[in-house]
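> structure for this input, please:
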Amino acid sequence: MPNELIGILIFVGLIVVILHGVPIFAGLMLCAFAGFWLIGGPVFAATQFQSAPFLNMASYSFAVFPMFMLLGVLSAESGVATNAYFAIRKWLGGVRGGLLMATIAANGVFGACSGNSIAASTVFCKIAMPELSR
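I've put the predicted structure just below:
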């Protein structure tokens, strides 16, 4: 069976599994295992499921992720990110949807300063949610 057809069948199978109420993570694992089995056989599928989690988690980007999260939380608690958010909000506050635009702009600025968009998203989720709820 060609690999393209296997990919299409696995994708359709994933949609069917999710629509039947199976949690997404379990559906993804099940379909990935089935795809590996169909493409490379049972040994290939077992090898991928044994080594892939370690190889993915051993990358450098995951090693620094906790420090960027710490940077984001410290920035939110110290007020640096809040002040940046309120400064941009003053510029865009009169425009319709200005609060959302200020959130996106401040998130972008903080992401550029910190070097990690995930930390910026963490900070601005914590800062913007109370403001957006009001």
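
> secondary structure element for the residue nearest the centre of the chain?
The centroid of the chain falls nearest to Ile118 when counting by C-alpha atoms, centre = their mean (7.4 Å). Using DSSP states H and E, Ile118 falls within helix 117-133.

> just Gly7 next, same as before
Taking DSSP H and E as the criterion, Gly7 maps to helix 3-19.

> need the residues that contact the next helix or strand along the chain from that helix.
As assigned by DSSP H and E, the chain's next helix or strand after helix 3-19 is helix 24-40. Contact partners of helix 24-40, identified using C-beta atoms under 8 Å, 6 or more residues apart in numbering, comprise 1, 3, 6-7, 10-11, 13-14, 17-18, 22, 44-45, 48-49. Placement of C-beta: from N, CA and C, glycine included.

> likewise for stretch 87-107?
81, 84-85, 109, 117, 120-121, 123-124, 128, 131-132.
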